[in-house]
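Asker: Sequence isn't available, so here's the structure alone:
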(Lines give C-alpha, C1' and ligand atoms only; values in the text may rest on other atoms or scores of the structure.)
Protein backbone atom coordinates (compact mmCIF):
# COMPACT_ATOMS: atom_id res chain seq x y z
CA UNK A 1 0.00 0.00 0.00
CA UNK A 2 1.17 3.49 -0.86
CA UNK A 3 0.98 6.11 1.90
CA UNK A 4 1.13 9.87 1.44
CA UNK A 5 2.36 12.18 4.16
CA UNK A 6 2.81 15.92 4.48
CA UNK A 7 6.29 16.91 5.55
CA UNK A 8 8.98 19.58 5.43
CA UNK A 9 12.13 19.65 3.35
CA UNK A 10 14.18 19.61 6.52
CA UNK A 11 12.50 16.38 7.71
CA UNK A 12 12.80 14.47 4.42
CA UNK A 13 15.41 16.19 2.27
CA UNK A 14 17.04 12.89 1.22
CA UNK A 15 13.79 11.25 0.11
CA UNK A 16 12.56 14.36 -1.73
CA UNK A 17 15.88 14.80 -3.49
CA UNK A 18 16.09 11.12 -4.44
CA UNK A 19 12.73 11.13 -6.24
CA UNK A 20 13.25 14.48 -7.97
CA UNK A 21 16.76 13.63 -9.16
CA UNK A 22 15.53 10.36 -10.66
CA UNK A 23 12.55 11.92 -12.45
CA UNK A 24 13.79 15.36 -13.46
CA UNK A 25 17.56 14.96 -13.77
CA UNK A 26 18.02 11.33 -14.87
CA UNK A 27 14.83 10.88 -16.93
CA UNK A 28 14.26 14.39 -18.27
CA UNK A 29 17.77 15.81 -18.40
CA UNK A 30 17.15 18.83 -16.18
CA UNK A 31 20.49 20.16 -14.87
CA UNK A 32 20.80 19.26 -11.16
CA UNK A 33 21.58 22.86 -10.22
CA UNK A 34 18.18 23.91 -11.63
CA UNK A 35 16.23 21.16 -9.91
CA UNK A 36 16.97 21.92 -6.26
CA UNK A 37 16.35 25.55 -5.30
CA UNK A 38 16.11 27.93 -2.38
CA UNK A 39 12.31 27.58 -2.17
CA UNK A 40 12.41 23.99 -0.85
CA UNK A 41 12.90 24.92 2.84
CA UNK A 42 10.00 27.40 2.57
CA UNK A 43 7.45 25.00 1.06
CA UNK A 44 5.10 22.37 2.41
CA UNK A 45 6.01 19.01 0.85
CA UNK A 46 4.12 15.80 0.26
CA UNK A 47 5.79 12.42 -0.09
CA UNK A 48 4.37 9.10 -1.24
CA UNK A 49 5.97 6.00 0.23
CA UNK A 50 5.85 2.34 -0.75
CA UNK A 51 6.87 0.92 2.61
CA UNK A 52 10.14 2.71 3.32
CA UNK A 53 10.81 3.64 -0.32
CA UNK A 54 9.97 7.21 -1.43
CA UNK A 55 8.13 6.99 -4.77
CA UNK A 56 6.61 10.44 -5.41
CA UNK A 57 6.78 13.99 -4.17
CA UNK A 58 5.43 17.50 -4.70
CA UNK A 59 5.45 20.83 -2.91
CA UNK A 60 3.28 23.86 -2.25
CA UNK A 61 4.76 27.33 -1.95
CA UNK A 62 2.35 29.29 0.22
CA UNK A 63 4.39 32.49 -0.04
CA UNK A 64 3.96 32.44 -3.82
CA UNK A 65 0.18 32.31 -3.60
CA UNK A 66 -0.25 28.55 -3.75
CA UNK A 67 2.31 27.60 -6.36
CA UNK A 68 2.53 23.84 -6.72
CA UNK A 69 5.88 22.55 -7.87
CA UNK A 70 8.19 19.65 -8.46
CA UNK A 71 5.46 17.01 -8.76
CA UNK A 72 7.36 13.82 -9.53
CA UNK A 73 6.37 10.15 -9.55
CA UNK A 74 8.93 7.41 -10.17
CA UNK A 75 8.34 5.78 -13.56
CA UNK A 76 7.41 2.36 -12.20
CA UNK A 77 4.74 3.95 -9.96
CA UNK A 78 2.93 6.01 -12.61
CA UNK A 79 -0.62 5.27 -13.73
CA UNK A 80 -1.63 4.22 -10.20
CA UNK A 81 -3.35 7.42 -9.06
CA UNK A 82 -0.44 8.59 -6.93
CA UNK A 83 0.06 11.88 -8.78
CA UNK A 84 -3.67 12.59 -8.54
CA UNK A 85 -3.61 11.92 -4.80
CA UNK A 86 -0.55 14.16 -4.33
CA UNK A 87 -2.35 16.99 -6.13
CA UNK A 88 -5.48 16.45 -4.02
CA UNK A 89 -3.37 16.59 -0.85
CA UNK A 90 -1.64 19.80 -1.99
CA UNK A 91 -5.06 21.33 -2.74
CA UNK A 92 -6.23 20.39 0.77
CA UNK A 93 -3.19 22.11 2.24
CA UNK A 94 -3.95 25.22 0.17
CA UNK A 95 -7.57 25.22 1.36
CA UNK A 96 -6.40 24.86 4.95
CA UNK A 97 -4.34 28.02 4.44
CA UNK A 98 -7.38 29.81 2.98
CA UNK A 99 -5.91 30.12 -0.52
CA UNK A 100 -8.46 30.67 -3.27
CA UNK A 101 -6.43 28.99 -6.01
CA UNK A 102 -3.40 26.89 -6.79
CA UNK A 103 -1.21 27.31 -9.83
CA UNK A 104 1.99 25.97 -11.36
CA UNK A 105 4.22 25.67 -14.39
CA UNK A 106 3.15 22.43 -16.10
CA UNK A 107 5.08 20.58 -18.72
CA UNK A 108 3.07 20.66 -21.94
CA UNK A 109 3.09 16.85 -22.04
CA UNK A 110 1.29 16.82 -18.65
CA UNK A 111 -1.59 19.13 -19.64
CA UNK A 112 -4.06 16.23 -20.12
CA UNK A 113 -3.28 14.86 -16.64
CA UNK A 114 -3.85 18.21 -14.94
CA UNK A 115 -6.88 18.97 -17.13
CA UNK A 116 -8.62 15.86 -15.75
CA UNK A 117 -8.08 17.30 -12.27
CA UNK A 118 -9.87 20.55 -13.16
CA UNK A 119 -6.88 22.75 -14.02
CA UNK A 120 -6.92 25.14 -16.96
CA UNK A 121 -4.11 26.58 -19.05
CA UNK A 122 -3.65 30.31 -18.43
CA UNK A 123 -0.56 31.21 -20.47
CA UNK A 124 1.21 30.70 -23.74
CA UNK A 125 3.88 28.01 -23.99
CA UNK A 126 7.29 28.98 -22.58
CA UNK A 127 10.57 27.14 -21.99
CA UNK A 128 11.76 26.16 -18.53
CA UNK A 129 14.90 24.02 -18.12
CA UNK A 130 14.69 23.34 -21.87
CA UNK A 131 11.19 21.82 -21.59
CA UNK A 132 7.98 23.45 -22.94
CA UNK A 133 5.68 24.58 -20.11
CA UNK A 134 2.44 26.50 -19.55
CA UNK A 135 0.94 28.08 -16.48
CA UNK A 136 -2.06 26.12 -15.19
CA UNK A 137 -4.39 27.05 -12.37
CA UNK A 138 -7.46 25.90 -10.49
CA UNK A 139 -9.87 27.93 -8.41
CA UNK A 140 -10.52 26.55 -4.95
CA UNK A 141 -13.17 29.08 -3.93
CA UNK A 142 -16.16 26.85 -4.69
CA UNK A 143 -14.53 24.09 -2.68
CA UNK A 144 -13.63 26.28 0.33
CA UNK A 145 -17.12 26.53 1.82
CA UNK A 146 -16.26 24.12 4.64
CA UNK A 147 -12.47 23.83 5.00
CA UNK A 148 -11.51 20.69 6.88
CA UNK A 149 -8.79 20.67 9.52
CA UNK A 150 -5.44 19.47 8.26
CA UNK A 151 -2.77 17.84 10.33
CA UNK A 152 0.82 18.01 9.14
CA UNK A 153 2.23 14.55 8.87
CA UNK A 154 -1.17 13.06 8.03
CA UNK A 155 -1.05 9.76 6.21
CA UNK A 156 -3.42 8.79 3.43
CA UNK A 157 -3.59 5.31 1.97
CA UNK A 158 -3.78 4.45 -1.70
CA UNK A 159 -4.56 0.89 -2.60
CA UNK A 160 -2.25 0.25 -5.51
CA UNK A 161 -4.01 -2.97 -6.40
CA UNK A 162 -0.97 -5.04 -5.66
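Answerer: All right, it came through fine. The model shown is predicted, which means the values in this text are computed figures rather than measured ones. Residues are numbered from 1 along each chain as shown.
Asker: make it CA atoms for all contacts and neighbour counts henceforth
Answerer: Fine.
Asker: for this structure, what spans make up the helices?
Answerer: For the chain, the helices defined by DSSP state H occupy 9-20, 32-35, 82-96, 111-116.
Asker: between those helices, which gets the lowest average pLDDT?
Answerer: When the helices of the chain are compared by mean pLDDT, helix 32-35 comes last with a mean of 86.
Asker: Determine which stretch of the helices of the chain is the most buried.
Answerer: Among the helices of the chain, judged by mean count of other CA atoms under 10 Å, the one packed with the most neighbours on average is helix 82-96 (a mean of 21).
Asker: Flag the shaky bits of the chain, pLDDT-wise.
Answerer: Counting by pLDDT under 70, the low-confidence segments of the chain come to 142-162.
Asker: show me the contacts for residue 35.
Answerer: Counting by CA atoms under 8 Å, 6 or more residues apart in numbering, residue 35 makes contact with 20-21, 24-25.
Asker: Nearest the geometric middle of this protein, what residue?
Answerer: residue 58 (2.9 Å; CA atoms, centre = their mean).
Asker: Would you check that it makes contact with residue 71?
Answerer: Yes - applying CA atoms under 8 Å as the test, residue 58 and residue 71 come out as touching, 4.1 Å apart.
Asker: Quick check: neighbours shared by those two?
Answerer: What both residue 58 and residue 71 touch, as defined by CA under 8 Å, 6+ apart, is the set residue 86.
Asker: Show me which residues of stretch 61-77 are buried.
Answerer: In terms of neighbour count (16 or more other CA atoms under 10 Å), stretch 61-77 has its buried residues at 61-62, 66-74.
Asker: residues making contact with that stretch?
Answerer: If you take CA under 8 Å, 6+ apart as the criterion, stretch 61-77 is touched by 19-20, 22-24, 39, 42-44, 55-60, 82-83, 86, 90, 94, 99, 101-105.
Asker: That one: end-to-end distance?
Answerer: 25 Å (CA to CA, to the nearest Å).
Asker: go on, stretch 97-115?
Answerer: Across its full length, stretch 97-115 reaches 24 Å end to end, with CA to CA as the criterion.
Asker: Just read off the phi/psi values of residue 52.
Answerer: In terms of degrees, to the nearest 10, the main-chain angles of residue 52 are phi -100, psi 10.
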